[in-house]
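Undergrad: Give the three-dimensional model of this entry:
(chains A and B)
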There are 2 protein chains.
Amino acid sequence: MTSFTLDPRLENDSVFICDWNLSHVRLHRNAAFPWLLLMPRRDGMRDIIDLSEPDQEEFLREIRFASQVMKKLYDPTKLNVANLGNIVSQLHVHVVARFDTDEAWPGPIWNSGVSKEYETDRLAATIQMLQQELKDFS
Amino acid sequence: MTSFTLDPRLENDSVFICDWNLSHVRLHRNAAFPWLLLMPRRDGMRDIIDLSEPDQEEFLREIRFASQVMKKLYDPTKLNVANLGNIVSQLHVHVVARFDTDEAWPGPIWNSGVSKEYETDRLAATIQMLQQELKDFS
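TA: You can find the predicted model right below:
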């Protein structure tokens, strides 16, 4: 078992959805975009290429599944899948459903200044829906 | 042999480096960032999950190699690896070497307004260096 500590900024910005073989999966608290975060549960990783090759392949499989679920649930104009990590270096991949009607479109969501808080009920419903779709993947 | 047509905006913004098994590899003309573009040579693809599973695996292998070469050549603070495609929907992945000294840091490069033209000599030298490192991958 390798250890895993979540960066407190990632933790604050998001809520827990589920754990997979490799990834810790969270929903970003910014309600302006349907936005998942996938963090491989390995300490000290910054770039995807820091993972072992089997972990990279598992991570791709998990990103793919997250992408498919986001596509199915939200029917977005475009998925945005990205590893940036300029602010929080702990390896995390964004899987975001983008719409040509969203407030940051067609720009990137990061640094866009577009931010909205989930209403409590909507946050609970979103977590439940995502957990339902995501939690049994293995 | 499947067909492949490059979107004219991607073509205009970048210069040819090499072709791999799956990807067409180009250097972005914005000299503010060492910035590769990888386009799978398949028509009609928008999201990574539109590719067949073997193509997704090959694409990951190629993204990984591009990432390793960018890391080796530029020793960046962080790699940014992203599929956005909100403006040009043709599937393309950005592999960008970011520095805590670059003008857009720590924000994303897209929509940052940070843009610089390559001087002719520097562009030629960069193309040559990248081709040298990238072209023989198979």
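Undergrad: So, low pLDDT: which residues of chain A?
TA: Counting by pLDDT under 70, chain A has low-confidence residues at A:1-2.
Undergrad: give me every residue that touches the spatially most central residue of it.
TA: Nearest to the mean C-alpha position of chain A, by Cα atoms, centre = their mean, lies A:Leu37 at 1.7 Å. Residues near A:Leu37 by Cβ atoms under 8 Å, 6 or more residues apart in numbering or on different chains: A:Leu10, A:Ser14, A:Val25, A:Arg26, A:Leu27, A:His28, A:His92, A:Val93, A:His94, A:Val95. All C-beta spots, glycine's among them, are computed from the backbone N, C-alpha and C.
Undergrad: Could you tell me which residues of chain A lie near chain B?
TA: For chain A, the contact set with chain B under Cβ under 8 Å from any Cβ of the partner chain comprises A:46-49, A:56-57, A:60, A:63-64, A:67-68, A:71, A:77-87, A:89, A:98, A:105-108, A:110-111.
Undergrad: Among the residues you listed, which ones are in helices?
TA: Among the residues of chain A next to chain B, the members falling in helices (DSSP state H) are A:Gln56, A:Glu57, A:Leu60, A:Ile63, A:Arg64, A:Ser67, A:Gln68, A:Lys71.
Undergrad: Can you flag the buried ones in those?
TA: Neighbour-count burial (16 or more other Cβ atoms under 10 Å in any protein chain shown) applied to these gives A:Gln56, A:Leu60, A:Ile63, A:Arg64, A:Ser67, A:Gln68, A:Lys71.
Undergrad: Give me the buried positions along stretch A:31-51.
TA: A:31-42, A:45-51.
Undergrad: Check the offset of that stretch from the chain's centre.
TA: 7 Å (Cα atoms, centre = their mean, to the nearest Å).
Undergrad: Just the CA trace of it, in PDB.
TA: Below are the C-alpha coordinates for stretch A:31-51, written out as PDB (Å, rounded to 0.1, in the frame of the first residue of the first chain):
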ATOM      1  CA  ALA A  31     -21.200  25.000  -9.700                       C
ATOM      2  CA  ALA A  32     -20.600  27.000 -12.900                       C
ATOM      3  CA  PHE A  33     -19.200  23.800 -14.500                       C
ATOM      4  CA  PRO A  34     -19.800  20.100 -14.000                       C
ATOM      5  CA  TRP A  35     -16.200  19.400 -12.900                       C
ATOM      6  CA  LEU A  36     -14.500  16.300 -11.600                       C
ATOM      7  CA  LEU A  37     -11.000  16.000 -10.200                       C
ATOM      8  CA  LEU A  38      -9.000  12.700 -10.300                       C
ATOM      9  CA  MET A  39      -6.000  12.400  -8.100                       C
ATOM     10  CA  PRO A  40      -3.900   9.200  -8.300                       C
ATOM     11  CA  ARG A  41      -3.500   8.000  -4.700                       C
ATOM     12  CA  ARG A  42       0.300   8.100  -4.800                       C
ATOM     13  CA  ASP A  43       2.400  10.600  -2.900                       C
ATOM     14  CA  GLY A  44       4.900  12.800  -4.600                       C
ATOM     15  CA  MET A  45       3.500  12.700  -8.100                       C
ATOM     16  CA  ARG A  46       3.300  15.900 -10.100                       C
ATOM     17  CA  ASP A  47       3.200  15.000 -13.800                       C
ATOM     18  CA  ILE A  48       1.400  12.100 -15.400                       C
ATOM     19  CA  ILE A  49       4.800  10.700 -16.500                       C
ATOM     20  CA  ASP A  50       5.900  10.500 -12.900                       C
ATOM     21  CA  LEU A  51       3.500   7.600 -12.500                       C
END
